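Chemist: Please find the sequence and the predicted model below.
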Amino acid sequence: MSHIFPRHSRQSLPTVSHGDGPFLIDTNGKSYFDSIGGAAVSCLGHSDAKVTEAIKAQLDKLAFAHTGFFTSDPAEELADTLIAHAPKGLDRVYLVSGGSEAVESALKLARQYFLEIDQPKRRHIIARKQSYHGNTLGALAAGGNQWRRDPYDPLLMESHHISACYTYRDQLATETAFEYGQRIANELDDQINELGAENVMAFIAEPVVGATSGATPPVEGYFKRIREICDAHGVLLILDEVMCGMGRTGTLFASEQDGISPDICAIAKGLGAGYQPIGAMMCTAKIHDTIRDGSGFFQHGHTYMGHPAAAAGALAVLKRLTDDGIAERVAPLGDKLTEALNTTFGQHPYIGDIRGRGLFMGIEIVQDRETKTPFDPSANVAGKIKAAAFEAGLMCYPMGGTIDGVRGAHILLAPPFIMEDAHIDLIVDGLKKAVDTAL
């Protein structure tokens, strides 16, 4: 009997033995193609020699030193390398252990910034419906997925949510994609005015929404309008790139494709590629210097922040993505995957929408293509597809509650950047069999 507290207490899981590129192999010798990259984590697959050697070399020197006493070379070099590739304006890096910690740090930094500039009334956070920003209480409160929030609502701080940019279901037939984006972005302006700009601290959003709605990208001009609204009201823009960043959508930072820079950015997952737990919160020099020249310290911290071995691993990952050109493979591979998905599922009776950017794709499942009617939640469509795919040796990420946290379902794909063209057929064929088996 296992004494591990599992993610799903009624689920019996196979035991993983080892990794081989984009595959994981269990102790019975069965091979699984990881088309979700462990929830958009394993961008380099599971056996990258350069990354593992970098971690081993650092362990031979030092595993851990508390950042209250020391900095370290790998942490400093990782920060320098991130800033060298970051959107304009981001100038400081705060290393943590994962995405939820990065978002928590971002929210607390935003609050402290306004305290430092003597605007203590600014406390409200605005986010989007069907967003996901992490599972710690602050990050969960910012998120807009009601299914995840409900059990903990009495513990969550107050937050406010506007509509997501979700063209498949919300764009009107009478408006262009650009017009839709402007209309939906202007909800932020309305919400700020309703709350009073002097009371609003930050707006947080995923550039491409991940787990909750299935790789939902923004339309052109949407985030530029969001940036304008934040600037007009003195509200900080926090971009959560935990899932969609680090090359996943075709550029190292997803926001690059929208032509904007945030005030604060959260990254994780692909930053460590699964080789060590790590995340980072990045911010502008203005925010950092305001605190430096004011109280003098960020009133926050985590034991393992700046962990030397984790930083060494992330630095090796980042160099693989940039210096070795692996991130450059994402856009062309993404185009091929998109084409293959459209060829197979474009007219499938149970597939309503195929969307995403780069190697971050979502497939929305419907009961009726014409009306976009979803399956009843009791049908457990997502669970059945996941089980059928896994049985066939394909790891994918089906999720329910796509529309509002209860209704709808989708399949999320985020395969490793190292995959080859031949693996595209493996993904698409495996999905086709899983969908047909489940439905």
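Modeler: In hand now; what should we look at? Here the structure is a predicted model, which is why all the values come from computation and not from measurement. Residues are numbered from 1 along each chain as shown.

Chemist: Is R128 bridged to anything, and to what?
Modeler: Following DSSP bridges, R128 is listed with bridge partners I162.

Chemist: do L236 as well
Modeler: A202.

Chemist: is it true that it touches I117?
Modeler: No - the pair L236 / I117 is not scored as a contact, 11.3 Å apart, by C-beta atoms under 8 Å. Bear in mind the C-beta positions are built from the backbone N, C-alpha and C, glycine included.

Chemist: Between those two, tell me which one has more neighbours.
Modeler: Between L236 and I117, counted using other C-beta atoms under 10 Å, the more crowded position is L236 (25 against 14).

Chemist: which ones are touching that one?
Modeler: In this structure, L236 makes contact with A110, Y113, M201, A202, F203, C230, D263, I264, I287, judged by C-beta atoms under 8 Å, 6 or more residues apart in numbering.

Chemist: Let me know whether the second one touches I287 as I believe.
Modeler: Yes - Y113 is in contact with I287 according to C-beta under 8 Å; the separation is 5.1 Å.

Chemist: What residues sit buried inside stretch 195-215?
Modeler: Residues of stretch 195-215 classed as buried by neighbour count (16 or more other C-beta atoms under 10 Å): 200-215.

Chemist: can you give me how far it is from the chain middle?
Modeler: For stretch 195-215, the distance between its averaged C-alpha position and the chain's averaged C-alpha position is 13 Å (C-alpha atoms, centre = their mean, to the nearest Å).

Chemist: same thing with stretch 192-211?
Modeler: Taking mean C-alpha positions (C-alpha atoms, centre = their mean), stretch 192-211 and its chain are 17 Å apart.

Chemist: Same check on stretch 45-58?
Modeler: Using C-alpha atoms, centre = their mean, the mean C-alpha position of stretch 45-58 is found 23 Å from that of the whole chain.

Chemist: could you give me the average pLDDT of that stretch?
Modeler: Averaged across stretch 45-58, the pLDDT comes to 98.

Chemist: Send me that stretch as PDB with only the CA atoms.
Modeler: In PDB, the C-alpha atoms belonging to stretch 45-58 read as follows (Å, rounded to 0.1, in the frame of the first residue of the first chain):
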ATOM      1  CA  GLY A  45      11.700  16.000 -22.600                       C
ATOM      2  CA  HIS A  46      12.900  13.700 -19.800                       C
ATOM      3  CA  SER A  47      16.500  12.900 -20.500                       C
ATOM      4  CA  ASP A  48      18.400  16.100 -21.400                       C
ATOM      5  CA  ALA A  49      22.100  15.400 -20.700                       C
ATOM      6  CA  LYS A  50      23.200  19.000 -20.600                       C
ATOM      7  CA  VAL A  51      20.600  19.900 -17.900                       C
ATOM      8  CA  THR A  52      21.200  16.900 -15.700                       C
ATOM      9  CA  GLU A  53      25.000  17.500 -15.900                       C
ATOM     10  CA  ALA A  54      24.600  21.100 -14.900                       C
ATOM     11  CA  ILE A  55      22.600  20.100 -11.800                       C
ATOM     12  CA  LYS A  56      25.100  17.300 -10.900                       C
ATOM     13  CA  ALA A  57      28.000  19.800 -11.200                       C
ATOM     14  CA  GLN A  58      26.300  22.300  -8.900                       C
END
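
Chemist: Which positions within it qualify as buried?
Modeler: Under the neighbour-count rule (16+ other C-beta under 10 Å), stretch 45-58 has G45, H46, D48, V51, A54, I55, Q58 buried.

Chemist: Return the residues in contact with the first one.
Modeler: This means G45. G19, G21, P22, F23, D34, P416, I418, M419.

Chemist: The last one against L333, yeah?
Modeler: Same thing as M419. Yes - under the criterion of C-beta under 8 Å, M419 is in contact with L333, at a separation of 6.8 Å.

Chemist: tell me the contacts of G358?
Modeler: G358 makes contacts with G247, R248, T249, G250, T251, V330, A331, L333, G334, as judged by C-beta under 8 Å, 6+ apart.

Chemist: What subset of these is buried?
Modeler: Those of the contacts of G358 that meet the buried threshold are G247, R248, T249, G250, T251, V330, A331, L333, G334, by 16+ other C-beta under 10 Å.

Chemist: Check the contacts of L236 and tell me the two furthest apart.
Modeler: Comparing all pairs in the contacts of L236 by C-beta to C-beta, the longest separation belongs to F203 and I287, at 15.1 Å.

Chemist: Check V317 and give its pLDDT.
Modeler: Looking at V317, its pLDDT stands at 98.

Chemist: That one belongs to a helix, doesn't it?
Modeler: Yes - read with DSSP: H, G, I helix; E, B strand; the rest coil, V317 is one of the residues of a helix.

Chemist: Please list the residues outside stretch 319-339 that contact it.
Modeler: The contact list for stretch 319-339, computed with C-beta under 8 Å, 6+ apart, reads 43-44, 48, 50-51, 81, 85, 246-252, 270, 354, 356-361, 413, 415, 417-419, 421, 424, 427-428.
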